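Undergrad: Would you be able to build a 3D model of this:
(2 chains)
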Amino acid sequence: EAGVVQSPRYKIIEKKQPVAFWCNPISGHNTLYWYLQNLGQGPELLIRYENEEAVDDSQLPKDRFSAERLKGVDSTLKIQPAELGDSAVYLCASSFGQGFNNEQFFGPGTRLTVL
Amino acid sequence: DQQVKQNSPSLSVQEGRISILNCDYTNSMFDYFLWYKKYPAEGPTFLISISSIKDKNEDGRFTVFLNKSAKHLSLHIVPSQPGDSAVYFCAASEYGGTSYGKLTFGQGTILTVHP
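TA: A predicted model of the protein is given here:
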């Protein structure tokens, strides 16, 4: 069974440019998460989807970040425009259900470098 | 504010000995605690968890202990193996409320097991 797929794995852009990350969760997982992981820190939740509905986007900086999960399957996270401080690893995770004990499966992440 | 803290950035252990990784939390609403393991260039993978109604959970070489009064948990690995070398993240979740299912991660501890 395929795990969580993310692309691209690495992205280097100049500041003020737009960038987009794509995630395809494990088949059948209705809950999808986007996390931000800064160097030397643990993942921090940006947004959580239950099917196509964003049920928690309180940590998403909405002035420059946006996300969508139109058909309740794959998802895209966008940054426009990117800033130097956005350099980090962006992780996608999925789970079957959003319960506190529903195991979250993580993708390998996209490492973003903003120059 | 850092609600989940792993105060040891790194730990070095000899193969065959015990590894003890520690985690402290401040939010008394946390009911469920997890440990994730992360290898370089991969996403975190679930290792073991414990509910707040228990004080110990064991799975093979891995045991998690929870001390609710001290708001402290620890992960014991016995015996440690070189393949255990990775970054270990402590995470916590609330059972109910608006944060239901949301994971809050610590900063991580880099474990190195020497042959």
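Undergrad: Every contact and neighbour count from this point should use C-alpha atoms.
TA: Noted.
Undergrad: what's near enough to touch B:N7?
TA: B:N7 sits next to B:22-23 when contact means C-alpha atoms under 8 Å, 6 or more residues apart in numbering or on different chains.
Undergrad: ok, now A:K78?
TA: Contact analysis of A:K78 by C-alpha under 8 Å, 6+ apart lists A:18-21, A:65-67.
Undergrad: Distance check, it against A:E68.
TA: A:K78 sits 9 Å away from A:E68, going by C-alpha to C-alpha, to the nearest Å.
Undergrad: who does the lowest-mean-pLDDT helix or strand in chain A pair up with?
TA: The helix or strand of chain A with the poorest confidence is strand A:53-56; it has a mean of 90 (mean pLDDT, DSSP states H and E). Paired with strand A:53-56 in the same sheet, following DSSP bridges, are strand A:44-50 (antiparallel).
Undergrad: Pull the number of nearby residues for residue 29.
TA: You didn't pick a chain, so chain A it is. 20 (other C-alpha atoms under 10 Å in any protein chain shown).
Undergrad: not quite, I wanted chain B
TA: 13.
Undergrad: wouldn't it be in contact with B:K71 here?
TA: No: using C-alpha atoms under 8 Å, B:M29 makes no contact with B:K71, being 10.7 Å away.
Undergrad: Show me what secondary structure element comes after the least confident helix or strand of chain A.
TA: Downstream of strand A:53-56, the next assigned helix or strand under DSSP states H and E is strand A:65-68.
Undergrad: Okay, now the sheet partners of that following strand, with direction.
TA: Strand A:65-68 pairs in its sheet with strand A:75-79 (antiparallel), by DSSP bridges.
Undergrad: Convert the strand it pairs with to CSV, retaining C-alpha atoms only.
TA: In CSV, the C-alpha atoms belonging to strand A:75-79 read as follows (Å, rounded to 0.1, in the frame of the first residue of the first chain):
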residue,chain,number,x,y,z
SER,A,75,-4.4,18.7,-1.4
THR,A,76,-2.3,21.7,-2.4
LEU,A,77,-0.7,24.2,-0.1
LYS,A,78,0.4,27.5,-1.6
ILE,A,79,2.6,30.4,-0.5
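Undergrad: Just the buried residues of the least confident helix or strand of chain A, please?
TA: Going by neighbour count (16 or more other C-alpha atoms under 10 Å in any protein chain shown), the buried part of strand A:53-56 is A:54, A:56.
Undergrad: Kindly report the same for stretch A:50-70.
TA: Quick answer for stretch A:50-70 (16+ other C-alpha under 10 Å): A:50-52, A:54, A:56-57, A:60, A:65-69.
Undergrad: Of all pairs in those, which one spans the longest distance?
TA: The most widely separated members of the buried residues of stretch A:50-70 are A:N51 and A:F65, with 19.7 Å between them, by C-alpha to C-alpha.
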